[in-house]
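J.: Sequence first, predicted model second:
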Amino acid sequence: MNYDIQPADTLHGNVQLPADKSISHRSAMFAALHEGQSIIKNFSEAADPHSTLDCLRKLGVGIQIKDKNIIQVEGVGRDGFLHPSEDLDCGNSGTTMRLLSGIIAGSGVPARLTGDESLSSRTMKRIIDPLTEMGAVIEARDNDFAPLNIRRDIPLNPLYFPLPIASAQLKSCVLLAGLYGEKPTKVIETLPSRDHTERLLNLPIEEENGEKRIFSSREDEVPEQSYRVPNDFSAAAFWLVAGAIHPDAEIVLPKVGLNPTRTGALEILQQMNVDIKINNRHFEGPEPIGDLSVYSSTLQPINITEEVVPNCIDEIPILSVAMLFADGLSKISGAEELRHKETDRLTAIAEILEGVGADFKEYKDGLEIKGDPDFIPDAATFQSYHDHRIAMSAAVLGLMGTSTSTVEGGECTAISYPGFWDDLSMLTN
Ligand SMILES: O=C(O)C1=C[C@@H](OP(=O)(O)O)[C@@H](O)[C@H](O)C1
Ligand SMILES: C=C(OP(=O)(O)O)C(=O)O
């Protein structure tokens with residue numbers, strides 16, 4: 001479906017953001033691994049976390065949606081999963097496929113995991129290799145892609161695993177399989193990525209000389225997962241940038257997750273001189289939250305390098321939009337991982353920038369964008385490439401044009417942010 005975006009005269013309002021996608025996935029999976037009931041409030045209504053719920057149900061986990069975003073999970077415990085009679089369809093969700101593969105490989109319950117066209121073209125070798133070392137047998141198309149047939153015929157080998165890429169999905173996959181080992185699996189992280197898994201599972205951690213070692217084994221009891229999921233910082237980022245670049249903006253974003261391993265984009269925007277206020281900081285369950293407000297700002301350029309990329313990995317498309325309006329040359333490097341998301345996001349951003357007449361260069365691992373505070377993007381027809389983050393980034397850019405732009409295939413925003421188009425029209429009216 002095509003969505004038209006009119007240039008916005010003002011951007012004012014208070015946005016009820018969707019619940020955090022990463023935490024929603026984990027809350028449901030970990031509630032299933034816990035023996036007993038969990039009640040999760042503010043569970044995401046987006047498509048990806050619902051793919052996780054569908055897969056868990058096929059594994060015999062009782063899940064009831066009590067109110068539209070309160071779910072009750074009857075945890076079966078790590079050894080209680082049933083052999084699914086159907087494929088576990090992970091839809092568009094990399095997090096579902098990679099984390100669930102760890103649980104399946106660990107539990108030894110044989111299963112076949114499938115995904116949509118985009119997910120079936122994303123590399124799974126990064127998880128296949130360590131899970132195979134742990135004793136799983138995984139058949140995959142070209143030894144790399146879904147569908148994945150997973151089983152395990154021998155006892156689980158614990159693994160010593162220095163992370164070869166800064167990926168929270170890979171880290172979580174190995175730690176989840178490790179929960180089934182008699183001896184600890186040890187994951188070594190040098191570039192920090194989101195820490196929801198170790199935080200929500202309360203896993204043992206050692207930190208020394210910039211190295212984090214995370215352990216998991218059968219010894220670790222999986223805690224009940226009854227808490228309120230924070231609102232999604234990754235969704236907030238679209239409005240933080242929209243508010244920053246628009247000359248007449250004031251946007252309030254309540255109860256946003258402010259886990260420091262997620263808020264790289266907040267720090268980057270602050271370094272770019274964006275006027276963001278944070279109020280009412282407190283904890284909701286194990287995760288920190290706060291209320292954010294953003295105001296029209298004069299942006300400075302920024303250099304985003306490899307070390308900070310994992311903490312703003314999903315925000316790079318919208319940060320690229322911010323860079324267009326900064327006073328000078330901004331750079332992104334060490335971001336090749338973006339080529340392995342729902343689409344090749346570096347190429348998709350480059351297409352968007354090209355479409356609006358921006359001055360930029362695309363590199364193998366990043367972008368260089370020449371910004372101008374007076375930049376007026378050409379009205380354009382943007383391809384979403386069925387990638388929610390690309391569609392939402394293009395829409396925010398369209399607000400700054402002089403005439404109507406169009407986002408093709410804009411319904412993909414439902415993957416992480418089902419209310420996106422309604423919130424956009426609320427802010428502009
Ligand atoms: O663990 C998670 O919830 C996620 C980790 C990131 O992926 P990688 O681990 O592949 O970087 C991120 O891009 C994705 O949206 C969600
Ligand atoms: C990459 C993303 O998600 P996933 O890997 O779970 O599909 C995302 O939400 O931007």
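T.: Now that the structure is in, tell me what you want to look at. Ligands and ions are numbered 1, 2, ... in the order given.

J.: quick one: average pLDDT of stretch 348-358?
T.: The average pLDDT for stretch 348-358 rounds to 97.

J.: quick one: is it near ligand 2?
T.: No: Stretch 348-358 lies out of reach of ligand 2 by Cβ under 6 Å from any ligand atom, never closer than 11.9 Å. All C-beta atoms are positioned from the backbone trio N, CA, C, and that covers glycine.

J.: can you give me the helices in the stretch 151-300 of the chain?
T.: 168-178, 196-201, 233-245, 264-271 (DSSP state H, counting those that start in this stretch).

J.: Look at the closest residue to ligand 2 within the stretch 151-300 of the chain and say how many residues are nearby.
T.: Per Cβ to the nearest ligand atom, residue 169 is where the stretch 151-300 of the chain lies closest to ligand 2, at 6.4 Å. By the criterion of other Cβ atoms under 10 Å, residue 169 has 23 neighbours.

J.: what about the closest residue to ligand 2 within the stretch 1-150 of the chain, how many neighbours?
T.: In the stretch 1-150 of the chain, the residue that lies nearest ligand 2 is residue 94 (2.7 Å; Cβ to the nearest ligand atom). Close neighbours of residue 94, defined as other Cβ under 10 Å, add up to 20.

J.: ok, now residue 165?
T.: Residue 165 has 14 nearby residues by other Cβ under 10 Å.

J.: before we move on, back to that, shouldn't the residue of the stretch 1-150 of the chain closest to ligand 2 be in contact with residue 169?
T.: Yes: assessed by Cβ atoms under 8 Å, residue 94 is found in contact with residue 169 at 6.2 Å.

J.: Can you tell me the closest non-neighbouring residue to residue 23?
T.: Spatially, and ignoring its direct neighbours in sequence, residue 23 is nearest to residue 229 (5.0 Å; Cβ to Cβ, 6 or more residues apart in numbering).

J.: Next, the contact list for the one you found, please.
T.: 19, 20, 23, 24, 27, 40, 41, 42, 43, 44, 284 (Cβ atoms under 8 Å, 6 or more residues apart in numbering).

J.: measure the fifth one to residue 228 for me?
T.: In this view, residue 27 and residue 228 are 10 Å apart by Cβ to Cβ, to the nearest Å.

J.: Which of the two has more residues huddled nearby?
T.: More crowded of residue 27 and residue 228, by other Cβ under 10 Å: residue 27, with 30 against 20.

J.: Enumerate every residue touching that one.
T.: Here residue 27 is in contact with 38, 40, 43, 200, 225, 227, 229 (Cβ under 8 Å, 6+ apart).

J.: Now the two most distant members of those residues.
T.: By the measure Cβ to Cβ, 43 and 200 form the most distant pair in the contacts of residue 27, at 13.6 Å.

J.: burial measure for residue 379, as a count.
T.: 17.

J.: Who does the helix or strand of the chain with the lowest mean pLDDT pair with, and is each partner parallel or antiparallel?
T.: Ranked by mean pLDDT, DSSP states H and E, the weakest helix or strand in the chain is strand 62-67, scoring a mean of 94. Here strand 62-67 has these sheet partners by DSSP bridges: strand 70-76 (antiparallel).

J.: And for the strand it pairs with, what's in contact with it?
T.: So strand 70-76 is contacted by 28, 31-43, 53, 56, 59-66, 222, 224-225 (Cβ under 8 Å, 6+ apart).

J.: before we move on, what about stretch 304-317?
T.: The contact list for stretch 304-317 (Cβ under 8 Å, 6+ apart) reads 166-168, 191-194, 234, 237, 260-265, 267-268, 319, 330-335, 337-338, 341, 345, 348-349, 366, 389-390, 393.

J.: distance of the residue in the chain sticking out farthest from the centre from residue 133?
T.: What lies farthest from the middle of the chain is residue 154; by Cα atoms, centre = their mean that is 33.2 Å. The span separating residue 154 from residue 133 equals 12 Å under the rule Cβ to Cβ.

J.: Now do the buried residues in stretch 338-348.
T.: Neighbour-count burial for stretch 338-348, counted by 16 or more other Cβ atoms under 10 Å, picks out 338, 340, 341, 342, 343, 344, 345, 346, 348.

J.: can I get these in a markdown table with distance to ligand 1 and secondary structure?
T.: Formatted as a markdown table, the buried residues of stretch 338-348 follow (distance: Cβ to the nearest ligand atom, whole Å; DSSP: H, G, I helix; E, B strand; the rest coil):
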| residue | distance to ligand 1 | secondary structure |
| --- | --- | --- |
| 338 | 9 | helix |
| 340 | 7 | helix |
| 341 | 6 | coil |
| 342 | 9 | coil |
| 343 | 13 | coil |
| 344 | 14 | coil |
| 345 | 10 | helix |
| 346 | 14 | helix |
| 348 | 14 | helix |
